[in-house]
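Novice: Pasting a predicted model and its sequence here:
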Amino acid sequence: MEIGITMFVTQSSIHVSDLARYCEDFGFESLWLPEHSVIPVQTTSPWGGAADGTIPDWYYECTDPFVSLAHASAVTEKLKLGTGICLVPERNPIVLAKEIATLDHYSNGRFLFGIGSGWLKEETELFGVKFADRVNVMYESIQAMKQLWTQEESEYNGQFINFPPVISRPKPVQKPHPPIYVGGKAKKVFQRVVDWGDGWMPNRISPDEVAKGRQEIDRIAMEQSKNPADFSVSVFGQPPDKELLKAFEEAGADRVMIRFEGSSHSEVLRALENIATDILD
């Protein structure tokens, strides 16, 4: 099982280039960065990670994942670079496809595309997307980007995404395109993984839930005459608990991304060193 790292990189945290170098030097497989372009001052959507629903400060402060991962790609050679997650409905798919292809090009095929539809209603609707439509917008965006990545001339005509024949280069290094990992735990997510993704990327989940999800993905894949082994499971945002990680592996996880406390250079370096010693050795 692969072990990755995820954290909120901010303007006051360790520089992402230093973080990436340390991740590679210590032997972690991947680095995953989140996305929140902006947080509205007035919100009613509760954050699921706290009992009182209060959104933590680092959600307001996280840097753009694609600019940050570009920094990371420039100082590493093997470290895989992922979005955990990219809020696809908040982005123009033509521009996003170009950014991803460019990052995959400069990193020599190391980009991993973790996606989600978003949970913060007020943030989603700032970008002209009705909250109830966000999954359908994400679906059409992914389909449109696949066209842009794989065809010399591509076009898309959907309910939400429309563009005439266009040419978009460069193409991604990874063929047919970087792997797409679908976030979420809703019942319909397993169908989405098999229909238009390459893997499942759940957050705040137990090993038992992972095992059940793995079984459901396998069932749907076989019903559609697809190979279940083509769909991976990457468990997001877990503590550095060796026994817990072993339980996730036994449940069918192919990768776990560890989230840890720490922001300053010295705190992050110490945390990564401890995790590497406890988990990787």
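Specialist: Structure's in. What do you need? Numbers count the residues shown, from 1 in each chain.

Novice: Please make it C-alpha for all contacts and neighbour counts, starting now.
Specialist: Fine.

Novice: Can you list the low-confidence ranges for this protein?
Specialist: Of all residues in the chain, none has pLDDT under 70.

Novice: Return the distance of the most centrally placed residue in it relative to Glu267.
Specialist: A centroid search over the chain (Cα atoms, centre = their mean) returns Gly114, at 2.4 Å, as the residue closest to the centre. Counting by Cα to Cα, to the nearest Å, the separation of Gly114 from Glu267 is 26 Å.

Novice: Check the secondary structure at the residue nearest to the centre of the chain for me.
Specialist: strand (DSSP: H, G, I helix; E, B strand; the rest coil).

Novice: This structure: helices as residue ranges?
Specialist: 16-26, 57-61, 65-74, 93-106, 121-126, 134-150, 189-196, 207-223, 242-251, 265-275 (DSSP state H).

Novice: ok so, going back, quick one: contacts for the residue nearest to the centre of the chain?
Specialist: By Cα atoms under 8 Å, 6 or more residues apart in numbering, the residues touching Gly114 are 82-86, 180-183, 201.

Novice: Among these, which one lies nearest to Phe190?
Specialist: Nearest to Phe190 out of the contacts of Gly114 is Val182 (Cα to Cα; 8.7 Å).

Novice: and that closest one, how many neighbours?
Specialist: The tally of other residues near Val182 (other Cα atoms under 10 Å) stands at 27.

Novice: Quick check: bridge partners of it?
Specialist: Ile115, Trp200 (DSSP bridges).

Novice: Touching, it and Trp200? I think so.
Specialist: Yes: with contact defined as Cα atoms under 8 Å, Val182 reaches Trp200; the gap is 5.0 Å.

Novice: Residues that sit against both of those two, list them.
Specialist: Taking Cα under 8 Å, 6+ apart as the contact rule, Val182 and Trp200 both touch Val193.

Novice: Please report how far Phe231 lies from Thr83.
Specialist: 18 Å.
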